[in-house]
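S.K.: What follows is a predicted structure for the sequence shown.
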Amino acid sequence: MRAREQVAKIVSKNDPDTKKVWCKYGKIPGQGDGVNLFFVGEINVTHYFITNIGAGLPDACAE
């Protein structure tokens, strides 16, 4: 199971209102210049969460 699917499963179990989870690799706005692996979850049209899991490899986001 890919990292995104694992996080989506955990998130949906903890917060059933979360609609979708994306895996991203890059800079997080407002978090400096470091490149990080992170997940973005859509809770509703106007609310998202970002979970930074630190330095990782972009292939962790591969589908």
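M.R.: That came through fine.
S.K.: C-alpha only now, for contacts and for neighbours.
M.R.: Noted.
S.K.: the longest strand in this protein is where?
M.R.: Counting residues, the longest strand in the chain under DSSP state E turns out to be strand 35-44.
S.K.: Okay, buried residues for that one please.
M.R.: Across strand 35-44, burial judged by 16 or more other CA atoms under 10 Å covers 35-43.
S.K.: and that strand, what does it pack onto?
M.R.: Judged by 3 or more CA pairs under 8 Å, 6 or more residues apart in numbering; DSSP states H and E, strand 35-44 is in contact with strand 20-27, strand 47-52.
S.K.: Can you lay out these as TSV showing mean neighbour count and distance to Gln6?
M.R.: Compiled in TSV, the helices and strands packed on strand 35-44 are given as follows (neighbours: other CA atoms under 10 Å; distance: least, CA to CA, whole Å):
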stretch	mean neighbour count	distance to Gln6
strand 20-27	18	10
strand 47-52	13	13
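S.K.: can you list those in a markdown table and add mean pLDDT?
M.R.: Formatted as a markdown table, the helices and strands packed on strand 35-44 follow (pLDDT from 0 to 100):
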| stretch | mean pLDDT |
| --- | --- |
| strand 20-27 | 72 |
| strand 47-52 | 69 |
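S.K.: Tabulate those strands (JSON lines), appending distance to Glu5.
M.R.: Output for the helices and strands packed on strand 35-44, formatted as JSON lines (distance: least, CA to CA, whole Å):
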{"stretch": "strand 20-27", "distance to Glu5": "8"}
{"stretch": "strand 47-52", "distance to Glu5": "14"}
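S.K.: So which of these is nearest Lys9?
M.R.: Evaluated with CA to CA, the helices and strands packed on strand 35-44 place strand 20-27 nearest to Lys9, the distance being 9.2 Å.
S.K.: Good, we can wrap up now.
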